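> fold the following for me, if possible:
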Amino acid sequence: MIVIVGHGPSVLSGLGAVIDSHTVVRLKKAPTKPAEHYGKRTDYLCARSLIFDTGQVPFWLFPDDSRWIEYFARFHPRRRKPSTGLCAVFSAIDRLDAKEIALIGFDAILNQLDLAGHDTRAEHECLHSLGVKIIDLEKAHRPLC
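So this is what the prediction gives:
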């Protein structure tokens, strides 16, 4: 399974070991501390700008002329660009032929929360239209009470 680690509060769920047990894609600056939350593993780094390429792991630059921009426009008529997190999902589908993607730190998209600069409703709808299994990693590992 592929895990994409975002920057939302659910990443602070103490699932670092779970994250590290899968192929890990991180975004932009890719925090890994504290490791008990973020995990230590980074297999790929995804961003929309080369300034985030550290040269330490394979870097996925998401191009603005990607076919995914047109795909996302079907959900967002004002043609805002998708978030880096959604771009990482697109990239995992293209580059790793992902069929199952777990997300953590994607609170705004998964729960359609307001986030300045992004249409989380459109991103949520787009995410769930992709034909891949999307797993909310934090919810999947939440203890039953």
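> my read is that I93 contacts L127, right?
No - I93 sits out of contact with L127 when judged by C-beta atoms under 8 Å, with a separation of 11.0 Å. All C-beta atoms are positioned from the backbone trio N, CA, C, and that covers glycine.
> among the two, which residue is more densely surrounded?
Using other C-beta atoms under 10 Å, the more surrounded residue of I93 and L127 is L127, with 23 against 17.
> which residues touch the more buried one?
86, 89, 109-110, 134 (C-beta atoms under 8 Å, 6 or more residues apart in numbering).
> which pLDDT value goes with the residue nearest the centre of the chain?
What sits nearest the mean C-alpha location of the chain, by C-alpha atoms, centre = their mean, is G85, with 3.6 Å. Listed pLDDT for G85 reads 95.
> the strands in this protein, which residues?
2-5, 23-27, 44-47, 59-61, 100-104, 133-136 (DSSP state E).
> buried deepest among these, which one?
strand 2-5 (a mean of 26; mean count of other C-beta atoms under 10 Å).
> mind listing the helices for the protein?
16-20, 35-38, 67-73, 84-96, 107-111, 120-127, 137-140 (DSSP state H).
> fine, thanks again, bye for now.
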